[in-house]
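Engineer: From the sequence below, what's the structure:
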Amino acid sequence: MDMPEHCPVCGQAYELQTGFYFGTGYVSYALSVAIIGVFYAVCFALGLISIYDNSVVYSLVVVSVMLMLMQPILQRLSRSIWIAFFVKYEKDARKHLSN
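Structural biologist: Numbers count the residues shown, from 1 in each chain. Next up, the predicted model:
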C-alpha cells in the first residue's frame, strides 16, 4: 500500500502538498458506483437477478465483497486519476532528466 515519494522515471513528487490525496475518495467513490452499476446492469440483462426475490440481496453481498477485494487496485487507480488532473504528462520526461 506504500507509494514512493518520487516517480522513478521523471522525479515528479507524488504528494504535491499535505493532504493532496484526500480528493481520491471522490474518485474512488465514482469508480465504485460505476462498477456497481455495470455489475447490476449485466446481471439484470442476463436474468441472473430479479427485483421479485432475494437475489438482489445476495448480489449486493457479492458486489460488496468484490469491491473490498478490489480496494488496493481502486486506491492506486484513484490516485493515478487524481494526480492526472493536476500534473501534465510529458512522454519525453526521461530525455529532459539526462540534460
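Engineer: going forward, measure contacts between C-alpha atoms and count neighbours the same way
Structural biologist: Will do.
Engineer: and the longest helix along the chain, which residues are buried?
Structural biologist: For the chain, the longest helix by residue count, based on DSSP state H, is helix 24-46. Residues T24, V27, S28, S32, I36, Y40 are the ones in helix 24-46 that count as buried (16 or more other C-alpha atoms under 10 Å).
Engineer: List the residues that contact the closest residue in space to S59 that isn't next to it in sequence.
Structural biologist: Ranked by C-alpha to C-alpha, 6 or more residues apart in numbering and with sequence neighbours excluded, the top spatial neighbour of S59 is I49, at 7.5 Å. For I49, the contacting residues are C43, S55, V56, S59, by C-alpha atoms under 8 Å, 6 or more residues apart in numbering.
Engineer: picking that back up, in a markdown table: the buried residues of helix 24-46, plus pLDDT and distance to V63.
Structural biologist: Below are the buried residues of helix 24-46 laid out as a markdown table (pLDDT from 0 to 100; distance: C-alpha to C-alpha, whole Å):
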| residue | pLDDT | distance to V63 |
| --- | --- | --- |
| T24 | 88 | 21 |
| V27 | 94 | 18 |
| S28 | 94 | 15 |
| S32 | 95 | 10 |
| I36 | 93 | 7 |
| Y40 | 89 | 9 |
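Engineer: In TSV, list the residues you listed along with distance to F85.
Structural biologist: Below are the buried residues of helix 24-46 laid out as TSV (distance: C-alpha to C-alpha, whole Å):
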residue	distance to F85
T24	11
V27	11
S28	14
S32	19
I36	24
Y40	29
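Engineer: Which single one of the residues you listed is nearest to I83?
Structural biologist: Proximity of those to I83 (C-alpha to C-alpha) peaks at T24, which lies at 9.0 Å.
Engineer: mind listing the helices in the protein by residue range?
Structural biologist: Going by DSSP H, the chain shows helices at 24-46, 55-69, 71-86, 93-98.
Engineer: Can I get the second one in PDB, CA atoms only?
Structural biologist: The C-alpha trace of helix 55-69 is given here as PDB (Å, rounded to 0.1, in the frame of the first residue of the first chain):
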ATOM      1  CA  SER A  55     -31.300 -12.400  -5.400                       C
ATOM      2  CA  VAL A  56     -30.800  -8.600  -5.200                       C
ATOM      3  CA  VAL A  57     -29.700  -9.000  -1.600                       C
ATOM      4  CA  TYR A  58     -27.300 -11.900  -2.500                       C
ATOM      5  CA  SER A  59     -25.900  -9.900  -5.400                       C
ATOM      6  CA  LEU A  60     -25.300  -6.900  -3.000                       C
ATOM      7  CA  VAL A  61     -23.200  -9.200  -0.800                       C
ATOM      8  CA  VAL A  62     -21.200 -10.500  -3.900                       C
ATOM      9  CA  VAL A  63     -20.600  -7.000  -5.200                       C
ATOM     10  CA  SER A  64     -19.600  -5.700  -1.700                       C
ATOM     11  CA  VAL A  65     -17.000  -8.500  -1.300                       C
ATOM     12  CA  MET A  66     -15.800  -7.900  -4.800                       C
ATOM     13  CA  LEU A  67     -15.300  -4.200  -4.100                       C
ATOM     14  CA  MET A  68     -13.400  -4.900  -0.800                       C
ATOM     15  CA  LEU A  69     -11.100  -7.300  -2.700                       C
END
